[in-house]
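Visitor: predicted model follows, preceded by the sequence.
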4 protein chains.
Amino acid sequence: MIKVGIIGSTGYAGGELVRILTGHKEAEIKWYGSRSYIDKKYAQVYQNMFQIVDDKCMDDNMEELSREVDVIFTATPQGLCASLVNEEILSRTKIVDLSADFRIKDVKVYEQWYGITHPTPGYIPEAVYGLCEINREDIRKARLIANPGCYPTCTTLSIYPLLKEGLIAPNTIIVDAKSGTSGAGRGAKVDNLFCEVNENIKAYGVAAHRHTPEIEEQLGYAAGEPLKINFTPHLVPMNRGILITAYASLKKETSYEEVKAAYDKYYASEQFVRVLEQDVCPQTKWVEGSNYVDVNFKLDPRTNRIIMMGAMDNLVKGAAGQAVQNMNLMFGIKESEGLNLVPMFP
Amino acid sequence: MIKVGIIGSTGYAGGELVRILTGHKEAEIKWYGSRSYIDKKYAQVYQNMFQIVDDKCMDDNMEELSREVDVIFTATPQGLCASLVNEEILSRTKIVDLSADFRIKDVKVYEQWYGITHPTPGYIPEAVYGLCEINREDIRKARLIANPGCYPTCTTLSIYPLLKEGLIAPNTIIVDAKSGTSGAGRGAKVDNLFCEVNENIKAYGVAAHRHTPEIEEQLGYAAGEPLKINFTPHLVPMNRGILITAYASLKKETSYEEVKAAYDKYYASEQFVRVLEQDVCPQTKWVEGSNYVDVNFKLDPRTNRIIMMGAMDNLVKGAAGQAVQNMNLMFGIKESEGLNLVPMFP
Amino acid sequence: MIKVGIIGSTGYAGGELVRILTGHKEAEIKWYGSRSYIDKKYAQVYQNMFQIVDDKCMDDNMEELSREVDVIFTATPQGLCASLVNEEILSRTKIVDLSADFRIKDVKVYEQWYGITHPTPGYIPEAVYGLCEINREDIRKARLIANPGCYPTCTTLSIYPLLKEGLIAPNTIIVDAKSGTSGAGRGAKVDNLFCEVNENIKAYGVAAHRHTPEIEEQLGYAAGEPLKINFTPHLVPMNRGILITAYASLKKETSYEEVKAAYDKYYASEQFVRVLEQDVCPQTKWVEGSNYVDVNFKLDPRTNRIIMMGAMDNLVKGAAGQAVQNMNLMFGIKESEGLNLVPMFP
Amino acid sequence: MIKVGIIGSTGYAGGELVRILTGHKEAEIKWYGSRSYIDKKYAQVYQNMFQIVDDKCMDDNMEELSREVDVIFTATPQGLCASLVNEEILSRTKIVDLSADFRIKDVKVYEQWYGITHPTPGYIPEAVYGLCEINREDIRKARLIANPGCYPTCTTLSIYPLLKEGLIAPNTIIVDAKSGTSGAGRGAKVDNLFCEVNENIKAYGVAAHRHTPEIEEQLGYAAGEPLKINFTPHLVPMNRGILITAYASLKKETSYEEVKAAYDKYYASEQFVRVLEQDVCPQTKWVEGSNYVDVNFKLDPRTNRIIMMGAMDNLVKGAAGQAVQNMNLMFGIKESEGLNLVPMFP
């Protein structure tokens, strides 16, 4: 039984880790960290867990935690994991960091976009970017995983095969993303009140969102060269779900079959990436609550562009689900354990 | 492995049966009945099941179906199950009917409220009302289950202990119910369009809703005498969930502890009925996607009334989940098999 | 031109006052009070007013304000208006207080339910309860209006005629209310975040909501005797709208025509109370953005009860609209000026 | 008083025409056409109009109608207006057609994208494209107005100044659009049911939406040359509102001030186009219920692109509001009459 500690267990991603791990046969949560709710029963914070979880919330003592568990998930704001990690902790326990601290290899880029000084840049090289479908083998051997951001996961998986196969021009990529409101976290802010979000849609972080360099780095690996994209996220009045609509110019005239073959080459044997049938557009509702990413594309010969689409649950494959998938890989158990979640409709 | 056939598998309740049974270890769906989509792949109707269900939709041939499966779920409009059932079928297979056809013991009451003539009233006496927490033993022996309505399930479980213990005056009960829109089904009606339901709330079926006699019958059994209630359902702009708020006059001055003891007497050992802590109000979101009913109450000494509340997912405990729970009981397997669904939040 | 000052202009009710007064031909806002946003442009707080309102937010100086305007609206939390009002201010300006400070005639009841000591109980007797359809003549002469609460407005107008005509038994009244989330205000609280409210419904303040004594007082006047009710509010995932569903026992057998006549007696000539056609249930969407209250009822001979229903926009007739209606009456201008708002659908 | 007839008055755009014209001081609706509800009271179809509109629905007899009214609005599906219009009708009455029949000057393009044969192409040349801010003078003289589509209105107004001023490369334009569900109409379709739309977002009509050629034609006029764009609409779980996010490559390095000056050049004196302050992103909620289009932009020097954003109420400026604005221009009355609608928030 893998012993699990969660730091930040009462945020939305932390809550989703608890939901998923509750159904995981080979893992057991030993530590419900939540600085805001220390000593409060977890099930009083998340009433859905009443009579399911009996534990109380604990503080963030990573030192102590590392002695008690096999793996720590840090579902906390930027900077926290980086400020706590050290060799001693890493020698005793594995870490899956859901924040951005170890996602970007160039620490200057991280510091520029996040506006903070990285306290432990020495661990960046060893951290493995936990996009399971792409870095599976490295993940198996890692002790520190940088769990990918929600937008980067959905975007990278939707575009990756086309860059790998050289079908699209890297610097023409534009990503228009739409996210449910759980992506904004559980902090009490006026902007996230029901009445401000409901019956509304807006772009935010235009040309400035912190996921931009993360996406660029990952897509750059796929392209084999650095690239720059436009990335525009939007806030959608729904709880869960990310949809990305990406545009790129084709390098040359390309048929549906060629593109489909590119997607199938990388995803045909992947359980959690579903390449939809021709002309079926991904919808966030079809993946809600599950670890799937649904991807598809449409060619537009009029403009010589391709439109790529991806839909995902931001809290599952975009956060907690992928984190558990990473844990499964790191511990050598079945990759899908605990993740055979059937999407809930409606 | 229990072989399952579903008639009406593409309605919302049918879809939920598929979702739940997909995760059931001792059952296997053999027949996806759907008169509207015959020969269409099920996963093209419910795209969430893409790469999970490969079957095509079949017609409603109950005769043939009864030769191929061990249990048939009829998730169909009133009258269909009653018109198809016969001794031959029942001799070969068990039936869980999600419609109202066999729920009401007095066929005249059924015919009056539903406005149709019951074609096979002879089976009404043997049909067992499948409210598992109350009729568990009879369910185990049944071959024909009348799966309870969504409102009656939530209402009965919320009030039952107080009537059994004689704490409230039966004819003072008023039930004000609120339901998500999936309860209205997947039929294409203007009234159920997004723009008509969203940002709106209304009562419907006031003093005339068909679940009224079903609730009265069940509560009457608990009270040990016939009773009449007021029942007013409301349509709420959300997909899933039923909340009932019920009012009744106390027979005598009663303490919190006495009432709590009454609830605990009947539910302390029930997995799927959660009696919440004092002053915590049930919320539909806390049970979404799960088979739980959360109940609680509040005494009002000013008026000598008690307010009883219950929250439930109308498609799970209110339909498909309870149907599977009934199946589990009928086949002698673990009652919770396939139903350890953790509520999804947010 | 009536010069208007608003204290608390950046709450939801305050914002609605601005929206309505912007279209009012005989009033002009001179003071946008908002302690939280002093010196910030109002249109930067409420971007909908961009290029419509150019003013900046001001502080809460009621002394100064009373010299500059003819009427002050206080759309502020309980206690503020009561703590600021004095004879000098009232001698110079009229006040419409949207808080509860002057609604309840018995100061002990106020202090008990609100848990605060009333600083200026001496003004309670002169304050007029601004339910325009009922207290119109007193309002015309008032200098201090206690603008009714949202739930009390909808509830009182829905039940009033039946009590006045003696058709229902006062102590049998049960009010089950449902409100959109703007009623919870614009404060940044976790409970009001989009993800907590969306796809959810719950009761709150059960048997303890502060609007209870206000409703009881008003209904008591109608009944001609004190009464006690049960009042249970619910939070609904929509921005605007209140629906109340009320239950009461009929004193004797009563026909549809008798009840309809009672409603018509009081409301036939009222512009803002619409008695719907038989069997049409009020819906909040049908009054959204307008000053209407839609009421209707249904008799249930089975239980000898009547179900009364009322729908209203909580921010208009439930707050800002009624406040303007009161102002119009106080200043002797057309009661409907600025209030001919056509409900917006969808 | 302008006498108005509406064909298709019970669709969402038709209903919005009624809402707006009810508050219009110089127009009066004489004919509520609705083939589906002939002889039914209008206020029974749209209950919000109870006690406001007393008329009954009429059929679609344009011949007769043209004798009774000064202007006809056709808020009907494609092909209807084109099939009914003739010289006699146009000699008696003005027509504002809310369908696409006369929007596209090249009839072959119309027939190709809409898949129908245009019955009266002879009227295409004289029809004026009713985008008021751009074609104001021609509209004043017109007798047949092609009222612009919702997406084309929002898109064209958001991009127009940059093309006119030659700041962006025409063939690099990509438009990612998001619409509330009222844009899908009031037809009873499964895809538009509450449970299918709520908690969901999807693209539709990818690379194939019929508004594409209309946008291309209008942007082509601005650019002074034909152009091709990508246009991808998405369905958002909200009633009203369109947000477009458009991307284009800058022809040369351009400053914020230069772009702002371009917008101001065309819109500084326009009431209904609001160019927002720097870094403020348009939100659909800020324009809900009003005739405003809020536009803004963001430069991305990293990619040398500009991101243009526009938000609008699809039923007002995107349909009925603009139709009334066109009527006002055609009849020489104040352009904003009936349209000083303050956006409703929340």
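Guide: Good, I have the coordinates. Numbers count the residues shown, from 1 in each chain, chains lettered A, B, ... in the order given.
Visitor: smallest gap between the stretch 1-150 of chain A and chain C, at which residue?
Guide: Relative to chain C, the nearest point of the stretch 1-150 of chain A is residue A:12 (6.9 Å; CB to the nearest CB). The C-beta positions use only the backbone N, C-alpha and C, and glycine is treated the same way.
Visitor: next up, phi/psi of that residue, please.
Guide: phi -70, psi -40 (degrees, to the nearest 10).
Visitor: can you pull the contacts of it?
Guide: A:182, A:185, A:186, A:315, B:346, C:195 (CB atoms under 8 Å, 6 or more residues apart in numbering or on different chains).
Visitor: three-state assignment of the third one?
Guide: Counting by DSSP: H, G, I helix; E, B strand; the rest coil, the backbone at residue A:186 sits in coil.
Visitor: pull the number of nearby residues for residue A:332.
Guide: Neighbours of residue A:332 under the rule other CB atoms under 10 Å in any protein chain shown: 8.
Visitor: next, format the contacts of residue A:12 as a markdown table and append neighbour count, pLDDT and distance to chain D.
Guide: Formatted as a markdown table, these follow (neighbours: other CB atoms under 10 Å in any protein chain shown; pLDDT from 0 to 100; distance: CB to the nearest CB, whole Å):
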| residue | neighbour count | pLDDT | distance to chain D |
| --- | --- | --- | --- |
| A:182 | 29 | 98 | 11 |
| A:185 | 15 | 96 | 19 |
| A:186 | 20 | 97 | 18 |
| A:315 | 31 | 98 | 13 |
| B:346 | 24 | 97 | 10 |
| C:195 | 25 | 98 | 11 |
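Visitor: and the longest helix for chain A?
Guide: Counting by DSSP state H, the longest helix found in chain A is helix A:150-164.
Visitor: tell me the mean pLDDT for it?
Guide: Mean pLDDT, computed over helix A:150-164, is 98.
Visitor: near chain C at all, that helix?
Guide: No: using CB under 8 Å from any CB of the partner chain, helix A:150-164 stays clear of chain C, with a minimum separation of 14.4 Å.
Visitor: that helix and chain D, are they touching?
Guide: No: on the criterion CB under 8 Å from any CB, helix A:150-164 is out of touch with chain D, staying 12.1 Å away.
Visitor: output whichever helix or strand comes after that helix as CSV - backbone C-alpha positions only.
Guide: Note on helix A:150-164: by DSSP states H and E, the next helix or strand toward the C-terminus is strand A:174-179. C-alpha atoms of strand A:174-179 as CSV (Å, rounded to 0.1, in the frame of the first residue of the first chain):
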residue,chain,number,x,y,z
ILE,A,174,-2.5,30.2,-31.8
VAL,A,175,-4.2,28.6,-28.8
ASP,A,176,-7.6,29.9,-27.7
ALA,A,177,-8.4,28.2,-24.4
LYS,A,178,-11.6,28.1,-22.3
SER,A,179,-11.7,26.9,-18.7
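Visitor: strand A:174-179 to strand D:174-179, inter-axis angle?
Guide: 20 degrees (axes from the mean of the first three to the mean of the last three CA atoms, to 10 degrees).
Visitor: by contact count, what packs against strand A:174-179?
Guide: helix A:150-164, strand A:230-235, strand A:242-249, strand D:174-179, strand D:242-249 (3 or more CB pairs under 8 Å, 6 or more residues apart in numbering or on different chains; DSSP states H and E).
Visitor: check which element follows the last one along the chain.
Guide: In this case it means strand D:242-249. Next along the chain from strand D:242-249, counting by DSSP H and E, comes helix D:256-267.
Visitor: what lies in contact with that next one?
Guide: D:133, D:160-162, D:164-165, D:167, D:273-275, D:278, D:295, D:297, D:299, D:306.
Visitor: list only buried entries from the residues you listed.
Guide: D:133, D:160-162, D:164-165, D:167, D:273-275, D:295, D:297, D:299, D:306 (16 or more other CB atoms under 10 Å in any protein chain shown).
Visitor: of all those residues, which two lie farthest apart?
Guide: Pairwise distances across these (CB to CB) peak at 23.5 Å, for the pair D:133 and D:299.
Visitor: I figured residue A:240 was touching residue D:199, is that so?
Guide: Yes: between residue A:240 and residue D:199 there is a contact under CB atoms under 8 Å: 7.2 Å.
Visitor: any idea which of the contacts of residue A:12 is closest to residue B:337?
Guide: residue A:315 (26.7 Å).
Visitor: tell me the SS of the nearest residue to that closest one once chain neighbours are set aside?
Guide: Closest residue in space to residue A:315, ignoring its immediate chain neighbours: residue A:16 at 4.3 Å, by CB to CB, 6 or more residues apart in numbering or on different chains. Assigned with three-state DSSP, residue A:16 falls in the helix class.
Visitor: could you tell me the angle between the longest helix of chain A and strand A:174-179?
Guide: 150 degrees.
Visitor: near chain B, anything from helix A:150-164?
Guide: No: figure legend: helix A:150-164 not in contact with chain B (CB under 8 Å from any CB); closest approach 14.7 Å.
Visitor: hey, C-alpha coordinates of that helix in CSV?
Guide: Extracted C-alpha coordinates of helix A:150-164, given in CSV (Å, rounded to 0.1, in the frame of the first residue of the first chain):
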residue,chain,number,x,y,z
CYS,A,150,-4.0,22.2,-16.9
TYR,A,151,-3.8,24.3,-20.1
PRO,A,152,-0.4,22.9,-21.0
THR,A,153,-1.6,19.3,-20.7
CYS,A,154,-4.6,19.9,-22.9
THR,A,155,-2.7,22.0,-25.4
THR,A,156,0.3,19.9,-25.7
LEU,A,157,-1.6,16.7,-26.2
SER,A,158,-3.8,18.3,-28.8
ILE,A,159,-0.9,19.6,-30.9
TYR,A,160,2.0,17.3,-30.2
PRO,A,161,1.6,14.7,-33.0
LEU,A,162,1.4,17.4,-35.7
LEU,A,163,4.7,19.1,-34.5
LYS,A,164,6.4,15.7,-34.1
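Visitor: list the contacts for residue A:180?
Guide: Here residue A:180 is in contact with A:236, A:238, A:239, A:240, A:241, A:242, A:284, A:314, D:199 (criterion: CB under 8 Å, 6+ apart).
Visitor: got a list of what the closest residue to the fifth one other than its chain neighbours touches?
Guide: Excluding the flanking residues, the one nearest residue A:241 by CB to CB, 6+ apart is residue A:284, at 2.9 Å. Listed by CB under 8 Å, 6+ apart, the contact set of residue A:284 reads A:180, A:238, A:240-243, A:311-313, D:199-202.
Visitor: who wins on neighbours among these?
Guide: For the contacts of residue A:284, neighbours tallied by other CB under 10 Å; top is residue A:312, 35 neighbours.
Visitor: what about that one, distance to residue A:153?
Guide: 7 Å (CB to CB, to the nearest Å).
Visitor: need the residues touching each of those two.
Guide: By CB under 8 Å, 6+ apart, the residues touching both residue A:312 and residue A:153 are A:293, A:318.
Visitor: on that earlier part again, how about the contacts of helix D:256-267, which pair is most distant?
Guide: Checking these with CB to CB, the most distant pair is D:133 and D:299, at 23.5 Å.
Visitor: and the helices in chain A?
Guide: A:12-22, A:42-45, A:62-68, A:80-84, A:87-92, A:107-114, A:132-141, A:150-164, A:194-197, A:211-223, A:256-267, A:321-330.
Visitor: mind checking which of those is nearest residue C:121?
Guide: helix A:194-197 (34.1 Å).
Visitor: tell me the residues on the stretch 51-200 of chain A that lie near chain B, please.
Guide: Near chain B, when you scan the stretch 51-200 of chain A using CB under 8 Å from any CB, you find A:51, A:52, A:182, A:199.
Visitor: number of nearby residues for residue A:68?
Guide: 14.
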